[in-house]
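S.K.: Here is the input, now give the coordinates:
(chains A and B)
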Amino acid sequence: MGSTFHGIETAKRGLYAQQTAMNTSGHNTANASTKGYSRQVVDFTPTPAIESTGLNTSTYSGQLGTGVDTSIERVRDPYLDSQYRNQSKDYGDWTVREGTLSKIEDIYNEPSETSLNKVMDDFWNAWQDLANQPDSLSSREALAEKTLAMTDAFNDTDRKLEDLYNDLDETITLKVDEINNLTQQIAELNEEISKTEALGKDNANDLRDQRDLLTDDLSRLVNIDVTENKNGYTIKMGETELVSGNQVTTVLDANALPENDIASGELHGYLVSRDEYVQGYRDQLDAMVQGLAEGEFELTIPAGTVLPDGTTLTQTDGTQTTYTGTITDRTVTSDTTVKVNGLNGLHQLGYTLQEPATAGTEFFTTKDGSSTFTAGNITLNPDIKNDSRNIATSTKTYMDGATEKVLSGNNELATWMASVRDKEVIFDSTSSGSSTIAEGTFDEYYESLIGGLGVKAQDAERQVDNQEVLLQSADSNRQSVIGVSLDEEMAMLIEFQHAYNASSRMLTTLDETLDKLINGTGVVGR
Amino acid sequence: MRVTQGMMNSQLLRDYNNSLEKMYKLDEQMATGKRINEPSDDPTGASLSLRYRSDLEANAQYQRNVDSATSWLNYTDTAISETNDVLQKAREIAVQGASDTNSPESRKALAAEVDQLYEQLVDIGNSQFNGKYIFNGQKTDQPPYDYQNAASTTPDQGEIELEITQGTKVPINTSGAGVFGDPSDTDNAFKVLEDLKNALNNDDTQGIEDSLANLDSRLDKIMQEWADVGGRANRVDLTDNRLKNEELNLNNLLSENEDADMAKLSVELSEAEAVYEASLSVGADILQPSLVDFLK
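M.R.: Have a look, this model is predicted:
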């Protein structure tokens, strides 16, 4: 048997519930454009009926309802979250890679009229010009200048790549800090959420939204696996556990990253950019410069060539012959094909303009005195820079009295130097694999380098486009579930408003009924 | 599918961005006139561009080499022509001197003339082109002949070769030994003139006759050298034509490879602009209303 005032309690519950619903609609509308917000719905459930089986069962039939109870829940689908995060990591990875490759393309600046290709063309042409006028000092100065322009361009390209490398290095440190920061916040939220929800009645909706937003951010940075248990999110990166409950289990160190576990995300993009792309293209350029200075190629030395004193020729079959003594002793008697080590080796096979006849020295030297040439350290031999007569062009000498003099009109060495452009040069003598092609001409090498860069950059652009579409679709799917629809909220608001009004009306009706009962009954005989 | 305002918004923003990105690419191609601005625009095309540019640079250099070779050969041609003139003149004198009507005095006068021709010939032998002695092989920094010992001098015979196309070298110089003769040759030009001068001075008609024969034989050899220089000049000239054709071809290839098709580009650009404008106006229509606008 219900109480007299039962209906008042029921109406009150109705008022509260509709008010909660209206407030939630207000909350949804207010957060319609909040990032990471998932819409909340009020779950209405009837409170237990007053009649239940037991001793107090009345004689009335029927279960009298007692009103409504509410709980607020967010609309979210963890499956869509994990889909989004999967796409997000690859999108992050490829965006970074594409950015780096595009920067490397800018550094090489091909095809253009002001690139490495152009200064190398100029260099070879300067040798041809010198071959046309081997004893002309102005042609010699021009060659020295063109050589410096080329080595400067190599130095400059290398410096820009090095700057890019250092930038990436710093960015990796920043990204690692960002990851550590995010994992720390997620661990804190894990704790707050589990405290809030400990009583089992309240849902920490907004805290959960925050945690999911941070997890989304983290998924862009690095590949993560998210699992949920009663302590909150457990987050793993490959085999490395980052967060468990309220603990950050691994704080990443930029200098000791578990690289095997980093498979995607921006951090992976930066690591690949730094170690594979930038370092790779520096190595490729170094191999080319090393090939230019000392890379082995074959050359046929014609009979009649007078070799400088002490020259050792290595024939293609490995036979070595050393030439010393008088001009006759040092004259090559028959055409001989030999192996020459780069422009440096070739330059030493001829004579400069100096008197008495002097053999050429190394054409290129390193700025830092190192024995290996790199794009960063190659430069023209300072002796040649200071006195362009030290450029060797001639391969013949003659005796003038007791003095050996150079035949200055002979341009043979200059034509050989110019012809190296079309020689098959060995770039990768140690089979390190760091050169673009192991053997070929300089033009071929550089074309492959630029072509390879173009293919990589193009592929990265395509990947970014693909990932963008996939990420957008995952995002749309998710937004379709969690996003706030203003139309929907407005419609529901009207519904809740009417329900609220009706509950109020119910209260008025009860009031009138009781008024009748209390003040209008029992007046018989008054 | 449930659609929210937020989704419409971000979809529109993405569409705008796509349209803008497309216009940016087209604008870049318009501004540079190039289809390939970065290797990634077309990796194969970019490699080809590098190849064509290098080939063009090399071609320009070979054309410069050809110019050098041509001017050197032309200069040699002139010098040989002068040599021919001098020896023809000497021959006329010899013919005149051989005639019996000449008195010893008139022969002496002719001898003085021959002496002048001799000095002229030595000067021709020491011709310089751009400061280089053209008849002294690779010893271009030294004069091959002097007035006293010209007849007993062997000039250097080294060939100077220029590369006129890849791997093709052409010798541009002619040794004095070929034009004027070795010291051992009986018809050495300097020796013949000296002999002729002596024979005229000594009134030695037999000597004059001998010199005449030697002069003819030398003139024949000079003709051969002359033809040889002409032949080389011809060859260089042909190469020049070929290089110029090749330059034209390479320029065409380069342009086909990397130049943008302007007509096509402007059509594409106005198309992209139209799409962009359309999506903007659609956006303005879609974004505005929601149920809020219709509730009282």
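S.K.: Same question for the closest residue to residue A:355 other than its chain neighbours, what's its three-state structure.
M.R.: Of all residues not flanking residue A:355 in the chain, residue A:405 sits nearest, at 6.0 Å (Cβ to Cβ, 6 or more residues apart in numbering or on different chains). Every residue, glycine included, has its C-beta placed from N, CA and C. When classified by DSSP: H, G, I helix; E, B strand; the rest coil, residue A:405 comes out as strand.
S.K.: ok, residue A:405 - how many residues close by?
M.R.: When neighbours are counted by other Cβ atoms under 10 Å in any protein chain shown, residue A:405 registers 18.
S.K.: so what's it bridging to?
M.R.: residue A:398 (DSSP bridges).
S.K.: Next, see if stretch A:406-425 gets close to chain B.
M.R.: Yes. Contact of stretch A:406-425 with chain B (Cβ under 8 Å from any Cβ of the partner chain) involves A:407-412, A:415, A:418-419, A:421-422.
S.K.: Check the average confidence over that stretch, would you?
M.R.: For stretch A:406-425, the mean per-residue pLDDT is 93.
S.K.: how about that stretch: buried residues?
M.R.: By neighbour count with 16 or more other Cβ atoms under 10 Å in any protein chain shown, stretch A:406-425 contains the buried residues A:406-423, A:425.
S.K.: Could you do stretch A:23-35 as well?
M.R.: Along stretch A:23-35, these residues count as buried under the neighbour rule (16+ other Cβ under 10 Å): A:24-25, A:27-28, A:31-32.
S.K.: of all the residues you listed, which comes closest to residue B:205?
M.R.: Nearest to residue B:205 out of the buried residues of stretch A:23-35 is residue A:32 (Cβ to Cβ; 127.2 Å).
S.K.: check whether stretch B:225-232 contacts chain A.
M.R.: No. Figure legend: stretch B:225-232 not in contact with chain A (Cβ under 8 Å from any Cβ); closest approach 15.7 Å.
S.K.: what about that stretch, average pLDDT?
M.R.: Stretch B:225-232 comes out at a mean pLDDT of 94.
S.K.: Ok, stretch A:230-241 next?
M.R.: Across stretch A:230-241, pLDDT averages out at 94.
S.K.: Also stretch A:151-170?
M.R.: For stretch A:151-170, the mean per-residue pLDDT is 96.
S.K.: Please apply the same query to stretch A:9-25.
M.R.: pLDDT averaged over stretch A:9-25 gives 95.
S.K.: Then stretch B:192-208?
M.R.: Stretch B:192-208 comes out with an average pLDDT of 92.
S.K.: Look at residue 134 and report its pLDDT.
M.R.: No chain specified, so I'll use chain A. Here the pLDDT value assigned to residue A:134 is 91.
S.K.: wrong one, chain B
M.R.: Residue B:134 is assigned 92 on the pLDDT scale.
S.K.: Now it. Nearest residue, chain neighbours left out?
M.R.: Sequence neighbours aside, residue B:127 is the residue nearest to residue B:134 in space, at 5.4 Å (criterion: Cβ to Cβ, 6+ apart).
S.K.: Angles on the backbone of the one you found, please.
M.R.: phi -60, psi 140 (degrees, to the nearest 10).
S.K.: which residues does it contact?
M.R.: B:75, B:79, B:133-135 (Cβ atoms under 8 Å, 6 or more residues apart in numbering or on different chains).
S.K.: So which residues make contact with the worst-scoring helix or strand of chain B on mean pLDDT?
M.R.: Using mean pLDDT, DSSP states H and E, the weakest-scoring helix or strand in chain B turns out to be helix B:291-294, at a mean of 78. Residues outside helix B:291-294 that contact it (Cβ under 8 Å, 6+ apart): A:486-487, A:490-491.
S.K.: in the stretch 51-200 of chain B, which spans are strands?
M.R.: B:128-129, B:132-133, B:161-165, B:168-171 (DSSP state E, counting those that start in this stretch).
S.K.: To clarify, my last question referred to the stretch 301-450 of chain A.
M.R.: Ranges of strands within the stretch 301-450 of chain A are A:311-315, A:320-323, A:336-341, A:364-366, A:378-380, A:397-400, A:403-406, A:425-426, A:439-440, based on DSSP E, counting those that start in this stretch.
S.K.: Could I get these in JSON lines, plus columns for distance to residue B:38?
M.R.: Shown next, in JSON lines, are the strands of the stretch 301-450 of chain A (distance: least, Cβ to Cβ, whole Å):
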{"stretch": "strand A:311-315", "distance to residue B:38": "43"}
{"stretch": "strand A:320-323", "distance to residue B:38": "48"}
{"stretch": "strand A:336-341", "distance to residue B:38": "36"}
{"stretch": "strand A:364-366", "distance to residue B:38": "30"}
{"stretch": "strand A:378-380", "distance to residue B:38": "26"}
{"stretch": "strand A:397-400", "distance to residue B:38": "51"}
{"stretch": "strand A:403-406", "distance to residue B:38": "48"}
{"stretch": "strand A:425-426", "distance to residue B:38": "28"}
{"stretch": "strand A:439-440", "distance to residue B:38": "24"}
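S.K.: Of the ones you listed, which is nearest residue A:175?
M.R.: Of these, the one closest to residue A:175 (Cβ to Cβ) turns out to be strand A:378-380, at 34.2 Å.
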